[in-house]
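Engineer: Need a 3D model of the following:
(one chain, ligands or ions: 2)
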Amino acid sequence: MTTFKQRIFSGVQPSGNLTLGNYLGAIRNWVALQKSYESIFCVVDLHAITVWQDPEVLRNATREVAAGMIASGIDPKECIIFNQSQVPAHAELAWIFNCVARIGWLNRMTQFKEKAGKNREGASSGLYVYPNLMAADIMIYKATHVPVGEDQKQHLELTRDIAQKFNNDYGVDFFPIVEPLIFGEATRVMSLRDGTAKMSKSDPSENSRINLTDDRDVIAKKIRKAKTDSEPIPETLTELKDRPEAQNLINIFAALSDRTALDVCTQYGGMGFATFKNDLAELSASVLGPITEEMKKLCDERSYVDQILKEGSQKAREMSEPILKDIYNIVGFLQS
Ligand code: AMP
Ligand code: TRP
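Structural biologist: Ligands and ions are numbered 1, 2, ... in the order given. Below is the predicted model:
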């Protein structure tokens with residue numbers, strides 16, 4: 001009997017350096033899942049230009065993000081790795097989804113509200129319809145599971161709504177209803193400067209995040225400077241509740257060491273943050289160091305990464321084209 005592997009799709013924007021948030025919230029989980037699922041990982045350059053990107057910087061960031069995925073352990077022989085713009089079916093299906101998703105649904109998207117900020121009139125229309133493109137990314141491969149960080153949960157609910165509405169409107173059972181895969185001790189890594197804000201590539205403060213390109217000294221400095229409170233580390237999780245900065249560092253420690261947050265609290269409970277921060281810096285450098293090194297090597301070997309992206313795009317085109325054809329058929333586009 002042939003065993004049927006379910007399919008995962010996930011993506012990262014090449015809008016800056018990969019962060020510890022990307023690693024713990026997403027990429028590390030992809031590595032763990034790649035053997036059990038047929039896996040497609042995408043550098044989503046079409047998404048990145050929803051806010052301004054300098055073309056040369058975008059090109060480099062695209063290679064760097066791909067290198068980061070490979071350096072973290074994504075196996076290009078097992079998985080498809082490519083950049084989104086090279087597979088036209090994403091944008092083509094996104095147009096159809098623009099016509100399926102309702103404006104009211106998009107108006108509820110918190111990421112748009114956060115990214116557009118006060119100047120909503122000045123945001124690109126791409127930023128507004130971005131979740132429709134994200135739904136298309138997943139549905140153009142009929143992926144069944146999507147491993148992401150906590151912040152993407154709402155977008156995946158929208159993806160489910162779009163798939164459901166398409167199936168209902170056209171009276172078909174075509175698109176699967178995706179399952180988000182959000183797991184680990186750090187599904188939402190927060191800024192090192194503000195425990196209530198997400199660690200993000202685009203935060204103006206460098207000290208707010210750890211980049212996968214940071215060396216040991218930079219990591220240690222950022223962790224030493226990380227905001228904490230004046231209370232000692234608690235022994236139980238309930239006492240962490242209203243202490244977002246402490247909670248964040250404990251979660252990061254737990255995720256990096258493959259332990260539970262409670263286990264970490266038990267070890268450090270009652271102590272101040274100084275020893276803990278030293279240990280966390282050591283731990284971060286030991287986990288991220290080999291990845292950073294490998295990433296640097298890969299970035300120097302441009303043609304190797306470019307070749308992987310090229311082959312990945314080719315495979316992704318081959319997978320997506322027949323699915324788009326079926327969709328065009330369902331929608332009633334006359335195909336010549
Ligand atoms: P982005 O950098 O926005 O393209 O995010 C790529 C992936 O990383 C998504 O699955 C996000 O949910 C995840 N991610 C980004 N930032 C964080 C964070 N601070 N904590 C956890 N996951 C994150
Ligand atoms: N929107 C995601 C983010 O900013 C990136 C993304 C684009 C994605 N398309 C996707 C994630 C499809 C999962 C599946 O983090």
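
Engineer: for this protein, what spans make up the strands?
Structural biologist: Remark: strands assigned in the chain by DSSP state E are 7-12, 38-43, 80-83, 145-147, 179-181.

Engineer: among those, which is nearest ligand 1?
Structural biologist: strand 7-12 (4.1 Å; C-beta to the nearest ligand atom). Quick note: C-beta positions are derived from backbone N, CA and C, even for glycine.

Engineer: Show me the contact partners of the closest one.
Structural biologist: Strand 7-12 is contacted from outside by 18, 22, 26-27, 30, 33, 37-44, 47, 65, 69, 84, 134, 137-138, 141-148, 181, using C-beta atoms under 8 Å, 6 or more residues apart in numbering.

Engineer: Check stretch 218-236 too.
Structural biologist: Applying C-beta under 8 Å, 6+ apart, the set of residues contacting stretch 218-236 from outside is 192-195, 206-207, 209-210, 214, 240, 243, 245-246, 249-250, 262, 265-266, 268-273, 276-277, 280-281, 284-285, 288.

Engineer: Stretch 316-331 too?
Structural biologist: Residues from elsewhere that reach stretch 316-331 (C-beta under 8 Å, 6+ apart): 40, 42, 80, 82, 86-90, 92-93, 96, 140-142, 170, 172, 174, 335.

Engineer: Using PyMOL, define a selection of the buried residues within the contacts of stretch 218-236.
Structural biologist: PyMOL command restricting the contacts of stretch 218-236 to the buried ones, with burial defined by 16 or more other C-beta atoms under 10 Å:
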select buried, resi 192+193+194+195+207+209+210+214+240+243+245+246+249+250+262+265+268+273+276+277+280+281+284+285+288
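
Engineer: Just the ones of the contacts of stretch 218-236 in helices?
Structural biologist: Those of these mapping onto helices are 245-246, 249-250, 262, 265-266, 268, 273, 276-277, 280-281, 284-285, 288, per DSSP state H.

Engineer: re earlier: of all the strands of the chain, which lies closest to ligand 2?
Structural biologist: strand 7-12 (3.5 Å).

Engineer: roughly how far out does the closest one sit from the chain middle?
Structural biologist: Averaging C-alpha positions (C-alpha atoms, centre = their mean, to the nearest Å) puts strand 7-12 9 Å from its chain's average.

Engineer: How about stretch 92-112?
Structural biologist: How far stretch 92-112 lies from its chain's middle: 20 Å, per C-alpha atoms, centre = their mean.

Engineer: ditto for stretch 292-306
Structural biologist: The answer for stretch 292-306 is 20 Å, by C-alpha atoms, centre = their mean.

Engineer: in that stretch, what's buried?
Structural biologist: Under the neighbour-count criterion of 16+ other C-beta under 10 Å, stretch 292-306 has 292, 294-295, 298-299, 305 buried.

Engineer: How about stretch 246-262?
Structural biologist: Those would be 246-257, 261-262, for stretch 246-262 by 16+ other C-beta under 10 Å.

Engineer: If we check ligand 1, which of those are in contact?
Structural biologist: The subset of the buried residues of stretch 246-262 within reach of ligand 1, by C-beta under 6 Å from any ligand atom, is empty.

Engineer: quick one: which of those residues is nearest ligand 2?
Structural biologist: Ala255 (17.7 Å).

Engineer: My guess is the closest one contacts Tyr23. True?
Structural biologist: No: Ala255 is not in contact with Tyr23 according to C-beta atoms under 8 Å; the separation is 9.1 Å.

Engineer: tell me the mean pLDDT for the longest helix anywhere in the chain?
Structural biologist: Longest helix in the chain by number of residues (criterion: DSSP H): helix 302-331. For helix 302-331, mean pLDDT is 98.

Engineer: And it, what's buried?
Structural biologist: For helix 302-331, by 16+ other C-beta under 10 Å, it's 305, 308-309, 312-313, 316, 319-320, 323-324, 327, 330.

Engineer: These into TSV, with extra columns for distance to ligand 1?
Structural biologist: Converted to TSV, these look like this (distance: C-beta to the nearest ligand atom, whole Å):
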residue	distance to ligand 1
Val305	18
Ile308	19
Leu309	17
Gly312	17
Ser313	19
Ala316	18
Met319	21
Ser320	20
Ile323	23
Leu324	24
Ile327	25
Ile330	29
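
Engineer: From these, pick the one nearest Leu58.
Structural biologist: Leu58 lies nearest to Leu309 out of the buried residues of helix 302-331, by C-beta to C-beta, at 13.7 Å.

Engineer: I figured that closest one hits Gln86, correct?
Structural biologist: Yes: using C-beta under 8 Å, Leu309 is in contact with Gln86, at 7.4 Å.

Engineer: okay, and the common contacts of the two?
Structural biologist: Here Leu309 and Gln86 have no joint contacts, going by C-beta under 8 Å, 6+ apart.
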